[in-house]
Every structure is written in structure tokens, then in C-alpha cells.
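J.: Build me a structure from this.
(2 chains)
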Amino acid sequence: MSNINLAVVGLGRIGKIHASNIIASKNTNLKIIVDPVLEDGKNFNDFGIIQSKNFEELIDMNDIDGVVICSPSQYHVNQIKKISQVTKNIFCEKPLGLSINEIMEVKSLVSDNSLNLHVGFNRRYDPDFSKLKMDVLNEEIGDLHMIKITSRDPAPPPISYIRKSGGMFLDMTIHDFDMVKYLSGSEISELYVKGGCFIDPEIEKANDVDTAIINMSLKNGVLATINNSRQAVYGYDQRIEVLGSKGILKVGNRLLNRVVKGTREGFISSNPKNFFIDRYEESYKKEMTDFIKSIKGKPVDHADADDGLHALKAGLAANKSLLNNAPFLV
Amino acid sequence: MKHKAINVGLIGLGRIGKMHANNISQKLPFINLKSVIDPAPDLEFIQNLGPVESYINEDDVLYDNNIDAVIIASPTPTHYELIKKSIKHKKHVFCEKPVSFSKKEIKEIIEISSGCDTLIQIGLNRRFDQDFIMLKDKIKNGLVGKIHMIHITNHDASIPKFKFLKSSGGMLFDLCIHDFDMLNFLTAEKIKEIYVNGNVFIEPRLKEIDDIDSAIITLELESGVLCSIDSSRQTHFGYDQRVEVFGSKGMVSVKNKSENLSFYSNEKHTMKSKKQYSFIERYQDSYIKELEHFYSCVSSGNKPIAGLENILTAIKVSAAGEKSMQTNNPEMVKL
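T.: Next up, the predicted model:
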């Protein structure tokens, strides 16, 4: 098979990661990068990639095998619609869309055009979480009873980003909602949210929260909880515990280094890796490798439009629950 | 200052009663276990305690003028009457939690006892655990800054007998009551609101008596601090007892103690021991410390740091939690 030609739409923080991973992949060309500003385009000057500020230029190309969408969330659905005329292979960052109608539209695009749509829930590709899921499937701890997720960022994003983000539940917790589905193989049926603003009053002014505890029931009866904070001063805190009828499975943090110092004062070890780009580095590579594999026709497990819909519905229910201080059905 | 030893009578020789008896006879020289009361006494056990009088009726303790204090470790439904009788007979009282499932009964005891010299301490032993005391100190010293969230993990290693579960008052009164008190102990704040999401995974018969064996609980403290408790009756890997306090400057936490410190690595994996298995192992020191505290309060007349007000505060949360399970809504804790 000849080389695969890919396109990246949107060259922000996550677009740059995907672009670099595509460049590093064998038998794959990053043919074109589209971005209205191309602020960091110069980083990719040496690779013979077309750089365009005009999205339509991509639509006019006839040798593109797959597109990776990393634009701001509000553009996703329209771009998927247009790109589906160019290729069936589309990778789209999360969240897939910001309303249920949008994602329903994507779902019908997928079935009408038999699209191979991957949604960028990268944590599914993290080696630790994949192993956790395998162990759950192999019933290493028997029947599933409880899932507990700790998910805290090291620092809040700029307030301008928060204002456009759709709120913490759609921006940040959406990964955790998907992780609950991924690990349990079941969807969230009901959730109750308690949240507040502890870190920055500007976040409250933007009608958002920076701290939350989410209490969930899944369709298969399993209980689950997520706790989120926009600011853990000690670093990116990403832990999961799963309890079952025979025991527990746990994934702890990846630390910056493994040096431990012990003195009269006690023992000191390093903090967790600083942020998602470091912590989930392998997962971004793996999700792109799998997307490329799927273009070549190999079957791979991946998050699809239904998963995008599930996570969005959970996020919207979370917003309602917070507002009404009552549990809501997803 | 040297105080003289006190004479105590112990009522109830179940699991926790036997533990108190052993602690007193082996580790608390200034407390003299004069009598034990149990309707079906385990004579072999009692013989090993040394010179102890054994009776089946509590009156043999209550009417004994040489007894200074009683330790009540009988089943919960007997506590209310026993405390009232003890007050009447001017005995100081150490009573196991939860004292009563009724707020009214506890309030009544508070009222009766407030007018007299009888001192009442409740077995909220985790307040005497060195690790949690350390955690509280660290919070007090500002290590976490302003508290944002507290997470408590409280799981039994193996599920108690169904007979016990039936008379336990339910998981929120029996097991999670410790966690409600822990939140109060660590923050000196009361719980404002509770939401309980529970299920039965381990013992199907619990469904028949409207109880649960697993729960995730969301709570809010008076100041707005967000809390979660996850709890269940059976882990298999040990007693899972962890607390995590997260705030503006960092996080402090208490983790589990392992049964032993040995490791084994082979060509497949590395293994280490289970966690300490029972509350008697994990909280061993706290049970001794709480009785030392009781002795020092009896000797000095000081008020115990685990008293009726504390158990009342916790019981109110349990009651609101039960209501939350019925309504499937968050419930305010009635203060």
C-alpha cells in the first residue's frame, strides 16, 4: 500500500502534538495543515507540509486519506460535514460537539457516509488505563462494584479559555465521564453534582466552577465518583480505583522522576508529571497509530460518535444537577 | 499528680467488649476490671482475664458501690436504657457508638446527664488514632491552606454476619457514622447536606431489610467544603481506611497499614501483604488511647473529647442520609 496522506485542522496545543506524531509515523505523510492563524506554522516548515489559512483548500484536495480535527469545539460538526466529502476517515478531538443536536447530526453523517470516525478520548489509549480495563474484562476483581476517579489539573486555564470552554464538565470532566464508560462498559444513568469556586473568583463570574464532586449510578448498577479540581498545586493528579467482588485495581500517578530522598526530616519524592501532554504522551501516539491502522483497514477499538454523545449528555446533566442541586438522569 | 485506679464493670462481651477487656487487663494498669456482664458468658475467655467477677445481670454492676464506671459494649438497642440506669446509679459511662438510632433518645440522655456529675464518653475511637490526630494537626498548621475537598474511604475487609447487620441500624448508622464524625473531628465543622447513592452488591438479603452494603456519599460542610465518602462492607484485601484532605496549598492524607512489611518478587510479579484486616488491628492503639482518655477525664473531671454531642451530630447526618436514600435527593442535616 502506498503512503497514507493526512491533514491536520487547527494548529493549537493539541494540533501540534498530533502533527508531530503523524510526522514521526512510518509510511504516513502529513500533507497539509490548515489553521486560520498558523501562529506556530514555522515549527513545521522543514517537513514539506502545505500550510494553509484556508480550510477550503483542504476540501479541494483529492489525495487525502484521513483528517485530524483539532479546531475549537464549535467548528467540529461543520468541518466533519465538509470533510466527509473528502474522506471517510476522520479523527475529531473531544468534545465532538457542544449540543446533543450537533452530535445527532454527526451520527447521521457517520451512518449515511459510513464514516470511520474516531473521537479523541486519548485516555482510553493510556497503557495503564488499557491494562486496568483488560483486568476488569478478565474479571481479575470479579464483578464490578465501584469506580473512583481523581482528576485534578495543576492550574486553571486562562479565563478567556474558560469562557469559551462550555464549562468544566464539558471541558475537563468529559474525559472522566468517558473513562467511566470505557472501564465499566456501561453508560451513566444518573448523576448528582456538588461544585464550587474555591480557586479563582473570575471563574465564578464566568458562571463556571473550579472544584466538583460527581456521584453517579451506571445502567448496570455500578456506583461511580469523580472529583475534579482546576488547581492541584502539587501537579497533575490522575488516579483511578476500581472495586469489585474480589478486590481492587488501582492506577496511581506518574511521577516526574523516581528519585526518593530520605533524611532526618523524612522522605521526599517528586510530584506527578506536570500536565496532560507529559502524563498522556504515549496515549496521543497510540491513538494516532490506531487511527492510521484503521485507515489501512485494520479493525481497532476506538471511541466513536456514541461515546461522544454519552460524554456530552453526562456533561449537560452535570450542569443541570449543579444548577438545581438535585440528581439528574443522563 | 498521681490518681488512684478506678474500678469498672464491662457490659457486653461481644467482639468489641472482649477487646476492651483484654486492653484493660493487659495495657491499662490504672483501670481495674472488677466485673463483666454477659447473658451468655464465655467462661474460658473470662478465666484468662484474671480475677474478674462474672455476672449475667447488669444490676450486679449498677448496684455495686465499689464500681466507679461502666463500659457499655452490649448491642446498640440496650444502650439507651443502660446509660440512663448508670446515670441514676452515679456511674461514669463509656458507651460504644452509635448509642441510639434515635436523635430524641440521645437528646434525652444529654438533658439528663447535663444536670449531674456523671461523665459520658462515646466510643468514637478514630478521634484517638495517632495518624488522624497528625492529619488534623497538619490541617490546623495550615499545610493544605484553605480546604476545598475531603475524601474518606471506609471499607470493611469482610462483611459481618447477617444477624449483626440486621441489628446494626444500617450501614449509615453503623459504619459511616465514623466518617461523619471524622469530618467533624478534622474540620470542627458540621455537615450541612448529604446525598447517598447506595446499592447492594455483597449480601443480597440486605435488600429485604432496606439496607445497603456499598455507597458513595456526597456531603457539603457548613463552610461549603465538598466531601465524599466511599464505603462498602467487603474488600477482601483488608480494611481500607484512607482520608485525603485537599486544599489551596496542597494535600494531606492518611493511607492504609499493611499486615506485614515483607515483599515477594518472582518471574511474574511482586507481591506484598494485604492491608491490616480488622478494626481491632488497624485501630488497636486508638482503643487503648480512648480508655486512657476516659480514665483521665474520670480522674480530673474534664469533659471527654468524644461525647454525646459528637455522636448526636453524627447521628443527625446518618438520619438525613437515610432520608436521602428514600427521596433520592440531597437532604439538609437538621441542626
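J.: In terms of helices and strands, where is residue 149?
T.: Chain wasn't specified; assuming chain A. Using DSSP states H and E, A:I149 maps to strand A:144-152.
J.: Wait, chain B was what I had in mind.
T.: Going by DSSP H and E, B:M149 is part of strand B:147-155.
J.: Can you list the strands that that strand pairs with?
T.: Here strand B:147-155 is paired, per DSSP bridges, with strand B:226-232 (parallel), strand B:240-247 (antiparallel).
J.: relative to strand A:144-152, how tilted is the longest one?
T.: Put plainly, it is strand B:240-247. Orientation check (axes from the mean of the first three to the mean of the last three CA atoms, to 10 degrees): strand B:240-247 against strand A:144-152 gives 30 degrees.
J.: Give me the buried positions along strand B:240-247.
T.: Within strand B:240-247, the residues scored as buried using 16 or more other CB atoms under 10 Å in any protein chain shown are B:D240, B:Q241, B:V243, B:E244, B:V245, B:F246, B:G247. In short, each C-beta sits where N, CA and C put it, glycine included.
J.: from those residues, which is closest to chain A?
T.: B:F246 (6.7 Å; CB to the nearest CB).
J.: okay, now the residue in the stretch 51-200 of chain B positioned nearest to chain A: neighbour count?
T.: Distance from chain A to each residue of the stretch 51-200 of chain B (CB to the nearest CB) is smallest for B:H148, at 4.4 Å. Using other CB atoms under 10 Å in any protein chain shown, B:H148 has 25 other residues around it.
J.: residues touching it, list them.
T.: Contacts for B:H148 (CB atoms under 8 Å, 6 or more residues apart in numbering or on different chains) come out as A:G196, A:F198, A:I199, A:T211, A:S229, B:V225, B:L226, B:F246, B:G247, B:S248.
J.: among those residues, which ones are buried?
T.: By 16+ other CB under 10 Å, these give A:G196, A:F198, A:I199, A:T211, A:S229, B:V225, B:L226, B:F246, B:G247 as buried.
J.: Including distance to A:L6, could these go into JSON lines?
T.: Converted to JSON lines, the buried ones among the contacts of B:H148 look like this (distance: CB to CB, whole Å):
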{"residue": "A:G196", "distance to A:L6": "42"}
{"residue": "A:F198", "distance to A:L6": "42"}
{"residue": "A:I199", "distance to A:L6": "38"}
{"residue": "A:T211", "distance to A:L6": "39"}
{"residue": "A:S229", "distance to A:L6": "36"}
{"residue": "B:V225", "distance to A:L6": "48"}
{"residue": "B:L226", "distance to A:L6": "43"}
{"residue": "B:F246", "distance to A:L6": "41"}
{"residue": "B:G247", "distance to A:L6": "45"}
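J.: And these, which two are furthest apart?
T.: The span of the buried ones among the contacts of B:H148, defined through CB to CB, is set by A:I199 and B:V225 at 13.7 Å.
J.: For chain A, list the residue farthest from the centre, please.
T.: Ranked by distance from the centre of chain A (CA atoms, centre = their mean), the top residue is A:R264, with 42.7 Å.
J.: Next, the contact list for that one, please.
T.: A:R264 sits in contact with no residue, where contact means CB under 8 Å, 6+ apart.
J.: and B:I212, what are its phi and psi?
T.: Backbone torsions for B:I212, taken as degrees, to the nearest 10, come to phi -130, psi 170.
J.: can you pull out the strands in the stretch 51-200 of chain A?
T.: Counting by DSSP state E, counting those that start in this stretch, the stretch 51-200 of chain A has strands at residues A:66-69, A:89-93, A:116-120, A:144-152, A:188-196.
J.: Can you tell me the SS state at B:D137?
T.: helix (DSSP: H, G, I helix; E, B strand; the rest coil).
J.: now it: how far from B:V245?
T.: For B:D137, the distance to B:V245 equals 12 Å [CB to CB, to the nearest Å].
J.: Can you tell me which residues in the stretch 1-150 of chain A are near chain B?
T.: Within reach of chain B by CB under 8 Å from any CB of the partner chain, the stretch 1-150 of chain A has these residues: A:D143, A:H145, A:M146, A:K148, A:T150.
J.: Can you give me every residue that contacts the first one?
T.: Right, A:D143. A:G244, A:S245, B:F201.
J.: Drop the exposed ones from these and show what's left.
T.: A:G244, B:F201.
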